[in-house]
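Chemist: Need the 3D shape of this:
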Amino acid sequence: MERQPLIVVVSAPSGAGKTSLCQEAARRVPRLVHSVSYTTRAPRPDELDERDYHFVDEAAFRKMIEAGDFAEWAAVHGHLYGTSRLLLEKQFAEGLDVILDIDTQGAAILRRVYPGAVFVFVVPPAFALLEARLRRRRSDSQREIRQRLARAREELQHYREYRYVVVNDIFNDAVEQLCSIVTAERSRSDRVNLSFLDEVVG
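Modeler: Residues are numbered from 1 along each chain as shown. Sure thing, here's the model as predicted:
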């Protein structure tokens, strides 16, 4: 039974846990892969190239923009982030579904590029918890934390633009909810090729 490839776009304020949720969902759900974005920012101490991001310098990123390599890209917190269009197309050709974690700017672009995509917004159970998570990272300066919190307030205003909202309070519960969304969306009648039923139903 053929099915259209599924793209799941997950957005959240910085510190809400969207990357960890996407990585874990990709580990649990068969034939679901986590799309790794490109960025010009430096890796944090616990981050690895090609696992968390493709870390490149600004010149390389700009060259990719000129070549039309990105399905979307945006400037966030003073750095550039982008999703490889070529990598997405390769994954779709292999029959894989893709889950991406990107900011609200990138999500707005992908709504136009992939109108059939599924959009999920992740929120913390309380804004104070978001601030606590950002401070626990110990990788950002006080100025950067203030900027991220201000940006978080802006991003939270967009949650109504998303089909689903996941509250990341207990991590495992949030992962299970995200996996359930993927499973349900895979079974939608407008995604599955049921032409073999035409002879039956007329």
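Chemist: So for residue 176, what pLDDT did the model give?
Modeler: With respect to pLDDT, residue 176 scores 98.
Chemist: How far does the helix or strand harbouring it sit from its chain's centre?
Modeler: Under the criterion of DSSP states H and E, residue 176 resides in helix 171-186. A distance of 14 Å separates the centroid of the chain from that of helix 171-186, by CA atoms, centre = their mean, to the nearest Å.
Chemist: Give the buried residues for it.
Modeler: Going by neighbour count (16 or more other CB atoms under 10 Å), the buried part of helix 171-186 is 174-175, 177-179, 181-182, 185-186. Glycine gets a C-beta too; all of them are placed from N, C-alpha and C.
Chemist: Tabulate these (JSON lines), appending distance to residue 66.
Modeler: What follows is the buried residues of helix 171-186, written out as JSON lines (distance: CB to CB, whole Å):
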{"residue": "174", "distance to residue 66": "38"}
{"residue": "175", "distance to residue 66": "38"}
{"residue": "177", "distance to residue 66": "40"}
{"residue": "178", "distance to residue 66": "35"}
{"residue": "179", "distance to residue 66": "38"}
{"residue": "181", "distance to residue 66": "36"}
{"residue": "182", "distance to residue 66": "34"}
{"residue": "185", "distance to residue 66": "34"}
{"residue": "186", "distance to residue 66": "36"}
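Chemist: Could you pull out the strands in the chain for me?
Modeler: Listed in chain order, the strands of the chain (DSSP state E) span 7-11, 32-35, 38-39, 54-55, 70-76, 79-84, 97-101, 118-123, 164-167.
Chemist: possible to save these as CSV with mean pLDDT and distance to residue 18?
Modeler: Formatted as CSV, the strands of the chain follow (pLDDT from 0 to 100; distance: least, CB to CB, whole Å):
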stretch, mean pLDDT, distance to residue 18
strand 7-11, 97, 5
strand 32-35, 96, 11
strand 38-39, 97, 14
strand 54-55, 96, 17
strand 70-76, 92, 13
strand 79-84, 95, 13
strand 97-101, 97, 4
strand 118-123, 97, 5
strand 164-167, 97, 9
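Chemist: who wins for proximity to residue 152 among the ones you listed?
Modeler: Closest to residue 152 of these is strand 118-123 (CB to CB; 9.8 Å).
Chemist: which residues are contacting that closest one?
Modeler: The contact list for strand 118-123 (CB atoms under 8 Å, 6 or more residues apart in numbering) reads 6-13, 16-18, 21, 107, 111, 156, 158-159, 161-168, 174, 178, 181-182, 185.
Chemist: Now list the buried members of these.
Modeler: Among the contacts of strand 118-123, the ones that count as buried by 16+ other CB under 10 Å are 6-13, 16-18, 21, 107, 156, 158-159, 162, 164, 166, 168, 174, 178, 181-182, 185.
Chemist: so where is the chain shaky, pLDDT-wise?
Modeler: The model of the chain has pLDDT under 70 over residues 1-2, 138-139, 194-199, 202.
Chemist: where do the helices sit along it?
Modeler: Remark: helices assigned in the chain by DSSP state H are 18-28, 58-66, 85-93, 104-113, 127-137, 142-156, 171-186, 198-201.
Chemist: With respect to residue 38, which of those helices lies nearest?
Modeler: Closest among the helices of the chain, using CB to CB: helix 58-66, at 6.3 Å.
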